[in-house]
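[1] I'll drop the sequence and a predicted model, then ask my questions.
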Amino acid sequence: MTRVLYPGSFDPIHNGHLELIEVAASLFDSVVVATIGNPQKTSGLFSLAERHEMIEASVAHLSNVEAVAWSSLVVDLAKQVEADFLVKGLRAVSDFESELQQSQMNLAISGVHTLFIPSATEHSFVASKWIREIARFGGDITSMVPAPVAQRLADTFAP
């Protein structure tokens with residue numbers, strides 16, 4: 001059985017993330033999606049608990065996917081959940097540069113390899129920071145996020 005870990009801040013999860021999760025779920029026996037507290041990013045819109053809830057609701061249709069929240073090194077979580085690999089999504093060349101360095105560091109400190117999955121063209125422009133900004137100003141993000149996330153954003157920014 002091959003188990004992979006897909007870590008990210010997911011603030012909030014969007015359809016690009018969901019696409020990667022669905023692809024990973026079709027390729028591997030088990031997928032753990034981890035919302036991570038990232039100290040390099042400014043405080044998020046949603047708490048770890050809220051992001052975890054949105055991920056759980058968004059992946060409920062996938063029987064081999066589970067969601068967790070984590071606030072330490074990704075490689076420590078990979079060891080805890082017995083992940084064979086980390087998976088990361090790539091939208092553009094700029095993502096590769098950052099993700100490659102991260103994957104090399106993770107490999108050096110833990111021996112865990114990272115597999116990259118490119119996003120489909122229709123999701124390559126979607127980023128959580130843009131979703132938050134559009135939703136904050138009342139824009140329509142329903143085609144870019146799972147329904148539970150669209151509802152949470154609507155509730156968060158309701159007048």
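    On my side now, so go ahead. From a predicted model like this one, the values you see are computed outputs, not experimental measurements. Numbers count the residues shown, from 1 in each chain.
[2] pretty sure residue 75 contacts residue 114?
    No - if you go by Cβ atoms under 8 Å, residue 75 and residue 114 don't touch, sitting 10.3 Å apart. Using the backbone N, CA and C atoms, a C-beta is placed for each residue, glycine as well.
[3] for the longest helix seen in the chain, which positions count as buried?
    What stands out as the longest helix in the chain, according to DSSP state H, is helix 93-110. The neighbour-count check on helix 93-110 (16 or more other Cβ atoms under 10 Å) flags 95, 99, 103, 106 as buried.
[4] Tell me who's in contact with the third one.
    With contact set as Cβ atoms under 8 Å, 6 or more residues apart in numbering, residue 103 has these partners: 86, 88, 113, 114, 116.
[5] Kindly state the beta-bridge partners for the third one.
    Okay, so that is residue 113. residue 85 (DSSP bridges).
[6] quick one: contacts for it?
    85, 86, 103, 107.
[7] Tabulate the CA atom coordinates of the lowest-mean-pLDDT helix or strand in the chain in PDB.
    Within the chain, confidence by mean pLDDT, DSSP states H and E is lowest for helix 93-110 among all helices and strands, at a mean of 92. Presented in PDB, the C-alpha positions along helix 93-110 are these (Å, rounded to 0.1, in the frame of the first residue of the first chain):
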ATOM      1  CA  VAL A  93       7.800  27.300 -13.400                       C
ATOM      2  CA  SER A  94       8.100  29.700 -10.500                       C
ATOM      3  CA  ASP A  95       6.400  27.000  -8.200                       C
ATOM      4  CA  PHE A  96       9.000  24.500  -9.300                       C
ATOM      5  CA  GLU A  97      12.000  26.500  -8.200                       C
ATOM      6  CA  SER A  98      10.600  26.900  -4.600                       C
ATOM      7  CA  GLU A  99       9.200  23.400  -4.400                       C
ATOM      8  CA  LEU A 100      12.400  21.800  -5.700                       C
ATOM      9  CA  GLN A 101      14.500  23.400  -2.900                       C
ATOM     10  CA  GLN A 102      11.900  22.500  -0.300                       C
ATOM     11  CA  SER A 103      11.800  18.900  -1.600                       C
ATOM     12  CA  GLN A 104      15.600  18.600  -1.500                       C
ATOM     13  CA  MET A 105      15.700  19.900   2.100                       C
ATOM     14  CA  ASN A 106      13.000  17.500   3.100                       C
ATOM     15  CA  LEU A 107      14.900  14.600   1.500                       C
ATOM     16  CA  ALA A 108      18.100  15.700   3.200                       C
ATOM     17  CA  ILE A 109      16.600  15.800   6.700                       C
ATOM     18  CA  SER A 110      14.200  12.800   6.400                       C
END
